[in-house]
Structures are given as structure tokens and as C-alpha cells.
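> what's the 3D shape of this:
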Amino acid sequence: DSPPRETTEDIKFKVKLKKRKRKRSGSVEREEIERLLSTPQKKKLKTTSQYIFDNLFKEGTDSDITVTALSTSWKLHKLYLCQSAYFNSLFSGRWSDGVKDHIHVTVEDPNITINSLHITLGSFYRDDVTIEPSDVVSVLAAASLFQLDGLISQCVVIMEETINMATVVKYHDSSVRYGCVQLTKLCLSWLLANLLSIMPDNPPRLREIPPSLMVDLVGSPHLFVMQTEFSVYVLLRLWVYLNLHPAHKQAPRESVSDSQKYFRSLAPNRDTGSTQYFLDSDKAKPYLAVFRNIRVAHMINHHLDLEILVSDRLIPEIERAHV
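Numbering: from 1, shown residues only. Below you'll find the predicted structure:
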């Protein structure tokens with residue numbers, strides 16, 4: 001049987017269907033073209049801030065002032081430097097530096113380095129500054145010199161987020177030096193919580209704590225003591241020994257043992273024949289205030305602890321402990 005012949009109506013319907021499909025396809029293509037034309041192309045362009053940093057700061061283009069510090073010079077611009085109260089006062093006309101085109105900045109702070117000066121001076125030409133934790137103390141010092149509150153705040157945030165065993169003493173010293181009150185409180189809180197639990201296992205870090213800070217820690221009612229007050233005494237004995245022997249690099253357990261042996265080995269006084277106690281010696285002067293804050297009454301409740309205290313020859317007779 002032959003297939004049925006297509007009628008005229010069938011042919012007209014097929015032609016109409018092809019036209020409809022073609023029209024629909026063309027419509028989709030046009031929509032796609034319009035979408036592509038209206039979509040922003042993600043091509044990274046150099047920002048105005050980056051252009052300013054590269055050309056004005058790095059290249060020194062159109063510089064009207066040269067700043068020299070630590071034997072290094074930067075070709076800069078008074079307009080940008082006046083963001084700092086330090087430079088603004090120099091250029092305001094009240095000082096002879098206002099008409100100079102070359103100024104020397106005296107840097108006496110040992111924390112300030114050439115790198116930190118470069119970062120700090122470059123911050124005048126940028127919207128944001130990236131500071132590595134290893135540079136943060138130096139940048140804080142430079143920012144404090146030039147009175148840059150925004151950069152100081154950024155440094156403090158970084159330091160608050162990176163307080164740990166290796167940084168806490170350095171951060172505390174810096175916070176006191178540059179008047180960062182909140183950071184000082186955070187460092188103290190960290191040390192009060194970890195002094196007796198973490199620091200004894202890290203003699204080099206324990207050695208870093210200065211007597212002035214140790215006075216505050218031992219005298220604080222918030223000091224976390226895991227066992228008894230005697231553990232505070234053992235810590236201080238180790239701490240003093242480490243300061244008296246800066247080259248000592250033994251493991252924590254050996255360091256504790258060495259500290260006890262050292263104080264027990266103190267020879268009797270040849271003139272009087274009496275026992276020589278460390279706190280009676282001239283070497284002890286930096287540490288006296290620290291030992292005054294020990295709660296002696298809580299240390300002599302156990303006879304074994306009392307025997308150790310006497311044999312160590314560190315603290316004079318118990319009744320004279322508060323020297």
C-alpha cells in the first residue's frame with residue numbers, strides 16, 4: 001500500500017510550523033545577545049587608590065617633600081602627610097619645617113624599623129593596609145609616632161586576635177608603651193589564666209616576663225592557681241633562676257630541677273656562719289616586690305612544702321618572708 005498523499009492543508013501546516021520554530025529560535029538568540037551586552041564584563045582595572053600608591057608613593061611623582069628617617073628617604077606629598085597630626089603641625093606654618101622641602105624625623109623608639117616606616121608612610125596613600133602579625137608591633141610604634149589613630153586601631157585589632165604564648169609579653173609591653181588600655185587588659189587576662197598552666201612548660205617564654213609585670217600577676221586575686229599557693233612559689237623559683245641564667249636552655253622538667261639545685265647550693269655566710277638566703281642578696285633586689293605578693297600563710301600548711309621552702313634557701317626565715 002502506498003502512503004497517503006499529503007493534502008494542501010497538510011503542506012501549509014508544516015510550512016507554518018517551520019516558520020514558527022525559526023522565529024522562536026531567532027528570538028532566543030536576540031535575547032542572549034541582549035543579555036551579554038547588558039552584563040558588566042569582569043575585567044580587573046587598576047583602582048584609583050592603587051594608581052595613587054604606585055605613582056605618588058612608590059615613584060614619588062610630583063613630590064613636594066622628602067622625609068628622611070633611619071638613614072632612608074621617601075619622596076612624599078604634604079597634602080597626604082597632613083592626615084597625620086604629627087606632620088600637620090609641622091606644615092601648618094607654626095614651625096620652620098612648614099616651608100622646608102626636606103625634613104629629618106628622629107626615631108628613638110627601638111621598635112620602629114625601616115619596614116614599619118615604609119608601611120606607615122604608605123598608608124597615607126591607600127584605602128586599606130595589610131599588616132602581618134610579625135610586623136604589627138613595629139607598625140604600631142610608627143603609627144603612634146605619627147599619631148595615626150586609624151592605623152593604631154587596626155594594629156590593636158590584629159594584636160587582640162593573635163594573643164598567644166609567643167606574643168603576649170611583647171604585646172603587653174607594647175600596649176603599655178603606646179597607651180592601648182584595652183589591649184593591656186586582654187594581655188593581663190590571658191596571663192592570669194595561663195601563667196601557671198602554660199608558662200612553666202615554656203621556660204624561654206617565662207623568662208620574658210619582666211618583674212614589673214610579674215608583680216601584678218602574682219598580686220592579682222584573679223590569678224588562676226590549679227593546685228595550691230605552693231605552685232606559685234615553684235613557678236617563681238624557676239622564673240628567677242631563668243633570669244639569673246639567660247643561657248640556660250634545658251627542657252622544662254630539667255629546668256625546674258636545676259632551679260631547685262641552684263638555690264639549695266647557696267653557701268653559708270662566711271662571716272656569720274648563718275645560711276645565705278637568696279632574697280637577702282643584692283641579686284634579689286629586682287624580685288623582692290614579686291615575692292612580697294606570695295601568700296605565705298597558704299604555703300606552709302603542708303609539712304613537705306615547708307621543708308622544701310627551708311631547704312631551698314630562697315626565702316629567709318618564714319617570719320621574715322615579707323622583707
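
> where do the strands sit along this structure?
65-69, 72-76, 102-104 (DSSP state E).

> now mean pLDDT, mean neighbour count and distance to K285 too, for those, in a markdown table please.
All C-beta atoms are positioned from the backbone trio N, CA, C, and that covers glycine. Listed next are the strands of the chain as a markdown table, based on pLDDT from 0 to 100; neighbours: other Cβ atoms under 10 Å; distance: least, Cβ to Cβ, whole Å:
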| stretch | mean pLDDT | mean neighbour count | distance to K285 |
| --- | --- | --- | --- |
| strand 65-69 | 96 | 17 | 38 |
| strand 72-76 | 97 | 16 | 41 |
| strand 102-104 | 93 | 14 | 40 |
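
> now those strands in JSON lines, with distance to K185?
Output for these, formatted as JSON lines (distance: least, Cβ to Cβ, whole Å):
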{"stretch": "strand 65-69", "distance to K185": "32"}
{"stretch": "strand 72-76", "distance to K185": "36"}
{"stretch": "strand 102-104", "distance to K185": "37"}
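
> and of those, who's closest to V168?
V168 lies closest to strand 65-69 among the strands of the chain, at 29.5 Å (Cβ to Cβ).

> which strands and helices lie in contact with the closest one?
With contacts taken as 3 or more Cβ pairs under 8 Å, 6 or more residues apart in numbering; DSSP states H and E, strand 65-69 sits against strand 72-76, helix 78-81, strand 102-104.

> quick one: closest of these to L186.
Relative to L186, the nearest member of these by Cβ to Cβ is helix 78-81, separated by 32.1 Å.

> residues of the closest one that come out buried?
Of all the residues in helix 78-81, those buried under the rule 16 or more other Cβ atoms under 10 Å are 80-81.

> centre of the chain to that helix, how far?
Here helix 78-81 is found 28 Å from its chain centre; the criterion is Cα atoms, centre = their mean, to the nearest Å.

> likewise for stretch 118-129?
That offset, for stretch 118-129, works out to 18 Å (Cα atoms, centre = their mean).

> mean confidence score for it?
Here stretch 118-129 scores 93 as its mean pLDDT.

> just stretch 277-287 next, same as before
89.

> how far away from the center of its chain is that stretch?
34 Å.

> so which of the strands of the chain is nearest E59?
Nearest of the strands of the chain (Cβ to Cβ): strand 72-76, 8.2 Å.

> neighbouring contacts of the closest one?
Residues outside strand 72-76 that contact it (Cβ atoms under 8 Å, 6 or more residues apart in numbering) are 57, 60, 63, 65-68, 114, 117-118, 121, 124.

> Throw the residues you listed into a markdown table and include distance to Q154, thanks.
Output for those, formatted as a markdown table (distance: Cβ to Cβ, whole Å):
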| residue | distance to Q154 |
| --- | --- |
| F57 | 18 |
| G60 | 25 |
| S63 | 26 |
| I65 | 25 |
| T66 | 27 |
| V67 | 21 |
| T68 | 26 |
| I114 | 20 |
| L117 | 16 |
| H118 | 16 |
| L121 | 15 |
| F124 | 14 |
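
> confidence score at the residue nearest to I119 when sequence neighbours are not counted?
Spatial nearest neighbour of I119, chain neighbours left out: V139 (5.4 Å); criterion: Cβ to Cβ, 6 or more residues apart in numbering. Note on V139: pLDDT of 98.

> picking up where we left off before, can you check which of the strands of the chain gets nearest to D282?
strand 65-69 (40.9 Å).

> now that closest one and strand 72-76, what's the angle there?
160 degrees (axes from the mean of the first three to the mean of the last three Cα atoms, to 10 degrees).

> just checking: what are the partner strands of strand 65-69?
strand 72-76 (antiparallel), strand 102-104 (parallel) (DSSP bridges).

> contacts for the last one next, please.
Under the contact criterion Cβ under 8 Å, 6+ apart, strand 102-104 has outside partners 65-69, 90, 97.

> what do you get if the cut-off is 10 Å, keeping everything else the same?
With contact meaning Cβ atoms under 10 Å, 6 or more residues apart in numbering, strand 102-104 is reached by 65-69, 73, 75-76, 81, 87, 90-91, 95, 97.

> TSV for the strands paired with strand 65-69, including distance to Q154?
Formatted as TSV, the strands paired with strand 65-69 follow (distance: least, Cβ to Cβ, whole Å):
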stretch	distance to Q154
strand 72-76	21
strand 102-104	25
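
> between those, which one is closest to F230.
strand 72-76 (53.4 Å).

> give the contact list for R207.
Residues near R207 by Cβ under 10 Å, 6+ apart: 169, 199, 238-239, 241-243, 245-246, 248, 255.

> out of the residues you listed, which end up buried?
Buried, going by 16+ other Cβ under 10 Å: 169, 199, 238-239, 241-243, 248, 255, out of those.

> ok, so of those, who is nearest C180?
V169 (14.7 Å).

> relative to M199, how far out is the closest residue to that closest one other than its chain neighbours?
Nearest residue to V169 in three dimensions, chain neighbours excluded: E208, at 4.4 Å (Cβ to Cβ, 6+ apart). Using Cβ to Cβ, to the nearest Å, E208 is found at 9 Å from M199.
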